[in-house]
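Q: just the structure for this:
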Amino acid sequence: MILKIAITGPESTGKSLLSQQLANHYHTVWVPEFARSYIAGLNRPYEEKDILYIAQQQILEEERHKFAANRLLFCDTEPIVTKIWSDVKYGHCHPWITETIKNHPYDLFLLCDIDLPWEYDPLREHPDKRKFLFDLYLNELTSRQFPFFIIHGYGPERFINAVKIMDNLQSSLNLNQIK
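A: Model (predicted):
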């Protein structure tokens with residue numbers, strides 16, 4: 001049994017670092033954000049069609065990584081990220097992404113709060129829309145009734161808060177007894 005844990009939230013909220021830290025802590029693997037390497041490798045501005053491709057590749061990367069997972073698979077981003085990205089940038093989202101949100105479940109979402117300072121990165125676009133974007137994530141998770149916790153804290157505190165949630169999840173599921 002592999003539990004898929006989605007690390008989600010607006011840009012510059014520590015998703016990648018938290019995914020890697022949790023995977024290391026629980027001796028498992030994490031799925032890096034496909035969009036980052038893909039867009040960094042483009043020699044043109046990204047286009048609407050790229051967001052669909054990114055979402056599809058992210059799911060394929062999850063499938064590839066799950067075979068190496070040790071009971072937990074931490075996913076640095078998930079389809080809600082591409083939905084919100086597309087909705088904000090283009091005013092709509094490809095139906096494949098919205099269907100995938102419904103049909104590609106995660107056992108838990110860790111929604112990274114915007115309590116970290118925004119850091120410049122040439123791939124980031126919305127330093128002035130953090131609260132707006134966070135509220136979109138919160139609404140998506142709440143309206144879909146997905147299981148989630150908001151991860152707060154700066155530096156080591158953020159990681160410790162996430163570990164407490166994960167330890168409680170494992171304890172409630174007796175995950176330590178599952179082989």
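
Q: in the protein, which spans are helices?
A: Remark: helices assigned in the chain by DSSP state H are 15-25, 34-41, 48-65, 79-90, 95-103, 130-143, 156-173.

Q: out of those helices, flag the one nearest residue 121.
A: Nearest to residue 121, of all the helices of the chain, is helix 34-41, at 9.0 Å by CB to CB. For glycine as for every other residue, the C-beta is placed from the backbone atoms N, C-alpha and C.

Q: low-confidence stretches in this structure?
A: In the predicted model of the chain, residues 122, 174-179 satisfy pLDDT under 70.

Q: find the centremost residue of it, please.
A: The centre of the chain sits closest to residue 77, judged by CA atoms, centre = their mean, with a distance of 2.5 Å.

Q: grab the nearest non-local neighbour of that residue.
A: Leaving aside its chain neighbours, residue 77 sits nearest to residue 33 (4.6 Å; criterion: CB to CB, 6 or more residues apart in numbering).

Q: and what of residue 124?
A: Using CB to CB, 6+ apart, the nearest residue to residue 124 is residue 11, at 4.6 Å.

Q: I figured residue 9 hits residue 112, correct?
A: Yes. Residue 9 is within contact range of residue 112, at 3.6 Å (criterion: CB atoms under 8 Å).

Q: how far away is residue 170 from residue 163?
A: Counting by CB to CB, to the nearest Å, the separation of residue 170 from residue 163 is 10 Å.

Q: of these two, which one has the most company?
A: Set residue 170 next to residue 163 and count neighbours by other CB atoms under 10 Å: residue 170 wins out with 17 against 14.

Q: from residue 22, how far out is that one?
A: Distance of residue 170 to residue 22, given as CB to CB: 12 Å.

Q: same question for residue 78.
A: For residue 78 relative to residue 22 (CB to CB), the value is 15 Å.

Q: higher neighbour count, those two?
A: Counted by other CB under 10 Å, residue 78 and residue 22 do not tie: residue 78 has more neighbours, with 25 against 22.

Q: from what I can see the more buried one touches residue 106, true?
A: Yes. Judged on CB under 8 Å, residue 78 makes contact with residue 106 at a distance of 6.3 Å.

Q: need the overlap of contacts for these two.
A: Common neighbours of residue 78 and residue 106, counting by CB atoms under 8 Å, 6 or more residues apart in numbering, are residue 6.

Q: let me have the helices of the chain in CSV, adding distance to residue 124 as columns.
A: Output for the helices of the chain, formatted as CSV (distance: least, CB to CB, whole Å):
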stretch, distance to residue 124
helix 15-25, 12
helix 34-41, 10
helix 48-65, 15
helix 79-90, 11
helix 95-103, 20
helix 130-143, 11
helix 156-173, 19
